[in-house]
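Trainee: For reference, the sequence and a predicted model appear below.
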Amino acid sequence: QVQLVESGGGLAQPGGSLRLSCAASGFTLGMWSMSWARQAPGQGLEWVSGIYSDSTKIDYADSVKGRFTISRDNVQNTLYLQMNNLQPEDTALYYCLKGVFSCEGPVCDDFERGQGTQVTVSS
């Protein structure tokens with residue numbers, strides 16, 4: 001069955017960096033668009049970034065543009081999110097979403113995701 005396992009979260013200081021990974025199994029990652037989304041405490045799911053199956057198209061939410069970089073390795077069946085210049089407002093549980101390039105609001109909840117990885121940005 002489809003399994004998505006996010007990892008790489010943790011505690012970072014403002015201005016710091018983290019690299020998230022999403023290991024996919026049970027399906028061929030290279031056939032699907034993928035996204036990263038996040039959920040802060042008490043908030044809904046927020047789309048962060050998306051990438052086409054062949055990496056030919058990439059997009060970011062305005063809040064992370066210029067700081068985050070999405071990438072994928074279809075051979076290793078892994079999706080990545082490099083996060084630089086982290087800010088306290090980036091604190092959230094981060095998920096990878098299968099089969100979507102971008103989504104908004106509750107629609108993001110319709111897509112398969114893993115258990116998430118917690119990112120906390122604090123001094």
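Mentor: Arrived safely.
Trainee: Just give the nearest non-adjacent residue to the residue sitting nearest the centre point of the chain, would you?
Mentor: In the chain, the C-alpha nearest the mean C-alpha coordinate belongs to Trp36, at 2.4 Å (Cα atoms, centre = their mean). Of all residues not flanking Trp36 in the chain, Val48 sits nearest, at 4.4 Å (Cβ to Cβ, 6 or more residues apart in numbering). C-beta here means a position set from N, CA and C on the backbone, and glycine is covered the same way.
Trainee: Got the confidence number for that neighbour?
Mentor: With respect to pLDDT, Val48 has a value of 98.
Trainee: Now whichever helix or strand Ser35 is part of - C-alpha only, CSV.
Mentor: Using DSSP states H and E, Ser35 maps to strand 34-39. The C-alpha coordinates for strand 34-39 follow below in CSV (Å, rounded to 0.1, in the frame of the first residue of the first chain):
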residue,chain,number,x,y,z
MET,A,34,4.1,15.9,-5.2
SER,A,35,3.8,18.7,-2.7
TRP,A,36,4.8,19.8,0.7
ALA,A,37,2.3,21.3,3.0
ARG,A,38,2.4,22.3,6.6
GLN,A,39,0.0,22.7,9.6
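Trainee: Centre of the chain to it, how far?
Mentor: Centroid separation for strand 34-39 versus its chain: 4 Å, with Cα atoms, centre = their mean, to the nearest Å.
Trainee: quick check: mean pLDDT across it?
Mentor: Averaging pLDDT along strand 34-39 gives 98.
Trainee: Can you list the strands that that strand pairs with?
Mentor: Note on strand 34-39: by DSSP bridges, its sheet partners are strand 45-51 (antiparallel), strand 92-98 (antiparallel).
Trainee: looking at these, which is buried most?
Mentor: Comparing those on average neighbours per residue, with mean count of other Cβ atoms under 10 Å, the densest one is strand 92-98 at a mean of 24.
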